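Student: No sequence on hand, only this structure:
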């Protein structure tokens, strides 16, 4: 049992519910045969899907629940009617009880975060959790956080985000001292930037051993891959992510329309179709699907709600990877030693 | 004289200084022969460039100044050493004195905004100016503001942005009641969103006659063209803009690398080259160059600092267009009647 990665799935989450979750799990199992799944959802809907997939069924357990959190529910509503009994809650609870190593849900982000916070609680010294994701860049991938778990941030929260993001980069990218930048805008002297500037000062002065702080970065530096970890508060982070996704989609539409406008363009498209296929794969939003909730006593992965089975499989595989790499214990120890370091520094200054 | 559009140019602004500013003015004059230019800059550098362009020289006046605002100067520094005498200051002053209808600069944004605010002052009832720009969408173009003039915004400032942005859309897009959305993130119940939610309530209740408020939009709705005007505070707006620009550049690099990887891709590229040219034009950042400073007693246009002559010409033409369409007086009257409306509404409620 212990050599398996146990993944709790909110089978009712996402726009397409069990159909995508079960099919995604099947794909993930194929590439990661050391997975086991706990499906939380309506048995009448989920069981037939599992019956049609004997291999998956052999690695799965189905726990019936009548309650599913609606995609448009407010977090407080979701907590009111979904606590103790919804598929989302039960998947997170499995992580809390140690029955699963990670939970994955395509459900409503606000509700998922509220439930994860309520059940798993934040790590010692962490006040607010964050959502981190992999962002494709021209150099490879970077980690960006926070993508919307909380709005506004004080300097200490930004520093915690840097520490957690760097721990994640060490694990996922195999780097010893990942580079870290704080997302900012070009204009230097404006009000409202105090927390960002203060966080910058702290990161510069503390010279943390496990990351290399490189100062401010701007929105267009993310896609350039200027740093391994981009730190921002959640409102701007979420808007940056969505604006980039929207632009990628827009460019895809431009390409399609340009390539179908004339005969010679269509001929050119035929010749270059493997190049276009490669391009399409490269900008496929499914490849980087999956936001990791960081800062909690347990790992929860949020999948895009509208994604297909392949995209959901990517979120499951991300969860599998962070379990195998022991992300949680490494982040916990990184945060612990950071706060101990700060404590010593303050103690030293006071004595 | 009065049938000409007089454009004050900060000849020393931007990464390439007079070379790009003068060449850009030449291009703009070619398509807009009713333009006249006031060049503020170092005569030793600017005069030879004008001498080489007799047609432009005939429509130009050169005002010598030794002082140029550095691209990396902080706004307070720039004000200290550049007030009364820098090319940037003098270009704005020409607008204040009525000697020019609009000023265009590729200089440092923070310094330009500080000087514009200092000289031109905000319109009655407007506390803080904003930077607005045209954002290419799959449907055409939208207006997005604020892109970084000020960070953080209360509800009233967001409503003012909506009124000014809608006035700009009526003029530039020829719409009677442009649609307006407030940029937000999907998560509903989080702290920090109060001003955005309050602004939404005001816009919904006031039912302004000159715009159609459509509620919240997310980052990926901008490129979709879901609304004509997207309203946000400046930090998130700037980051959204830069993230989108970065993604467009990143996609351009992906396309280039995909199309050169194999022989058949290169052949395909040749067949489809007019389609690729069209695509390139469509995503050309020079086309949408130019941020308009709104909310001041005068119009100032900020060009990208790193742009070439064609891009700078686009910013000049944008300035020419908003002068011809009387953007300033229309925005002033839109803001005036909005505040009068609010005043009456408050008075009505009190009596």
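Tutor: Okay, I see it. A quick note: this is a predicted structure, and the numbers were derived from the prediction, not measured.
Student: in the stretch 251-351 of chain A, which spans are helices?
Tutor: For the stretch 251-351 of chain A, the helices defined by DSSP state H, counting those that start in this stretch occupy A:263-271, A:273-282, A:309-324, A:327-350.
Student: and the most centrally placed residue in chain A, what are its bridge partners?
Tutor: With distances taken as CA atoms, centre = their mean, residue A:291 lies nearest the centre of chain A, 1.4 Å away. Here residue A:291 sits in beta bridges with residue A:302, going by DSSP bridges.
Student: Surely it is in contact with residue A:144?
Tutor: No: assessed by CB atoms under 8 Å, residue A:291 is found out of contact with residue A:144, at 9.8 Å. Any C-beta I mention is one placed from the backbone N, CA and C, and that applies to glycine too.
Student: hey, what's in contact with both of the two?
Tutor: A:132, A:133 (CB atoms under 8 Å, 6 or more residues apart in numbering or on different chains).
Student: So residue A:181: helix, strand or coil?
Tutor: Of the three states, residue A:181 takes strand under DSSP: H, G, I helix; E, B strand; the rest coil.
Student: Can you give me the neighbour number for it?
Tutor: When neighbours are defined as other CB atoms under 10 Å in any protein chain shown, residue A:181 has 24 of them.
Student: ok, it - contacts?
Tutor: Residue A:181 neighbours (CB under 8 Å, 6+ apart): A:213, A:214, A:215, A:216, A:217, A:221, A:226, A:227, A:229, A:230, A:231.
Student: and which of these is nearest chain B?
Tutor: residue A:221 (7.0 Å; CB to the nearest CB).
Student: What residues does that closest one make contact with?
Tutor: Neighbours of residue A:221 in contact, by CB under 8 Å, 6+ apart: A:181, A:227, A:230, B:242, B:246.
Student: Name whatever forms a beta bridge with the third one.
Tutor: Beta bridges link residue A:230 to residue A:144, residue A:181, judged by DSSP bridges.
Student: what sits against it?
Tutor: A:135, A:142, A:143, A:144, A:145, A:165, A:180, A:181, A:183, A:217, A:221, A:222 are the contacts of residue A:230 under CB under 8 Å, 6+ apart.
Student: try it again with 10 Å
Tutor: A:132, A:135, A:137, A:142-145, A:161-162, A:165, A:179-183, A:217, A:219, A:221-222, A:237, A:240 (CB atoms under 10 Å, 6 or more residues apart in numbering or on different chains).
Student: confidence score at it?
Tutor: For residue A:230, the pLDDT comes out at 97.
Student: coming back round to it: report whether the expected contact of the residue nearest to the centre of chain A with residue A:149 is present.
Tutor: Yes: judged on CB atoms under 10 Å, residue A:291 makes contact with residue A:149 at a distance of 8.9 Å.
Student: any residues in contact with both of the two?
Tutor: A:109, A:113, A:130, A:131, A:132, A:302.
Student: one step back: of the helices of the stretch 251-351 of chain A, which is nearest residue A:250?
Tutor: helix A:273-282 (14.7 Å; CB to CB).
Student: average model confidence for the closest one?
Tutor: 78.
Student: For that helix, what is the distance to the chain centroid?
Tutor: Here helix A:273-282 is found 25 Å from its chain centre; the criterion is CA atoms, centre = their mean, to the nearest Å.
Student: Can you point out the buried residues in it?
Tutor: Neighbour-count burial for helix A:273-282, counted by 16 or more other CB atoms under 10 Å in any protein chain shown, picks out A:275, A:276, A:278, A:279.
Student: got it, and stretch A:99-115?
Tutor: A:100-115.
Student: List, out of these, those positioned next to chain B.
Tutor: Here is what survives when the buried residues of stretch A:99-115 are matched to chain B using CB under 10 Å from any CB of the partner chain: A:108, A:109, A:110, A:111, A:113, A:114.
Student: check which helix or strand covers the fifth one.
Tutor: Right, the one you point to is residue A:113. Using DSSP states H and E, residue A:113 sits in helix A:109-120.
Student: which of the buried residues of stretch A:99-115 sit farthest apart?
Tutor: A:101 and A:110 (24.3 Å).
Student: where does the residue lying closest to residue A:232 once chain neighbours are set aside land on pLDDT?
Tutor: Distances taken as CB to CB, 6 or more residues apart in numbering or on different chains place residue A:183 nearest to residue A:232, at 3.7 Å, with adjacent residues excluded. Note on residue A:183: pLDDT of 95.
Student: Provide a list of residues in contact with residue A:183.
Tutor: A:144, A:158, A:196, A:216-219, A:221-222, A:227, A:230-233, A:236-237, A:240, B:235, B:239, B:242-243.
Student: List the ones among the residues you listed that fall in strands.
Tutor: A:144, A:216, A:217, A:230, A:231 (DSSP state E).
Student: where's the first one relative to residue A:330, distance?
Tutor: By that I understand residue A:144. As judged by CB to CB, to the nearest Å, residue A:144 and residue A:330 stand 19 Å apart.
Student: just residue A:77 next, same as before
Tutor: Residue A:77 is 35 Å from residue A:330, by CB to CB.
Student: Over to residue A:270?
Tutor: 49 Å.
Student: if we can go back for a sec, ok, the contacts of residue A:221 vs residue B:4, which is closest?
Tutor: Nearest member of the contacts of residue A:221 to residue B:4, counting by CB to CB, is residue B:242, at 35.8 Å.
Student: so what's the closest one closest to, chain neighbours aside?
Tutor: residue A:219 (2.7 Å).
Student: and if you look at residue A:154?
Tutor: Closest to residue A:154 by CB to CB, 6+ apart is residue A:195, at 5.1 Å.
Student: surely the one you found meets residue A:231?
Tutor: No: Residue A:195 lies out of contact with residue A:231 (CB under 10 Å); the separation is 11.3 Å.
Student: From the contacts of residue A:181, keep the buried residues only.
Tutor: The buried subset of the contacts of residue A:181 (16+ other CB under 10 Å) comprises A:213, A:214, A:216, A:217, A:221, A:226, A:227, A:229, A:230, A:231.
Student: Closest one of these to residue B:3?
Tutor: With CB to CB as the yardstick, the closest approach to residue B:3 among these comes from residue A:221, at 45.7 Å.
Student: Report pLDDT for that closest one.
Tutor: For residue A:221, pLDDT reads 94.
Student: any idea how far it is from residue A:340?
Tutor: From residue A:221 to residue A:340 the distance is 32 Å (CB to CB).
Student: Residue A:110 contacts residue A:78, correct?
Tutor: Yes: under the criterion of CB under 10 Å, residue A:110 makes contact with residue A:78 at 7.6 Å.
Student: Report pLDDT for residue A:351.
Tutor: pLDDT, residue A:351: 38.
Student: meant to ask about residue A:122, not that
Tutor: 95.
Student: How about the contacts made by the residue nearest to it when sequence neighbours are not counted?
Tutor: Leaving aside its sequence neighbours, residue A:122 sits nearest to residue A:295 (CB to CB, 6+ apart; 5.4 Å). Contacts here follow CB under 10 Å, 6+ apart; on that basis residue A:295 touches A:116-117, A:120-123, A:125-132, A:145-146, A:149-150, A:157, A:160-161, A:164, A:331-332, A:335.
Student: Same check on residue A:219?
Tutor: Residue A:219 sits in contact with A:183-186, A:230, A:232, A:236, A:239-240, A:243-244, B:236, B:238-247, where contact means CB under 10 Å, 6+ apart.
Student: same question, residue A:169
Tutor: So residue A:169 contacts A:132, A:134, A:141-143, A:175, A:177-180, A:210-211, A:227-229 (CB under 10 Å, 6+ apart).
Student: Most widely separated two among the contacts of residue A:181?
Tutor: A:213 and A:221 (14.4 Å).
Student: Where does pLDDT dip in chain A?
Tutor: A:1-2, A:187-192, A:345-351 (pLDDT under 70).
Student: mind giving me the domain ranges of chain A?
Tutor: A:1-125+A:295-325, A:127-286 (automatic domain parsing).
Student: To residue B:67, which of the ones you listed lies closest?
Tutor: Among those, domain A:127-286 sits nearest to residue B:67 (CB to CB), with 19.8 Å.
Student: got the residues of the stretch 51-200 of chain A near chain B?
Tutor: Checking the stretch 51-200 of chain A against chain B by CB under 10 Å from any CB, the hits are A:72-78, A:108-111, A:113-114, A:128, A:131, A:135-138, A:144, A:147-153, A:183-194, A:196.
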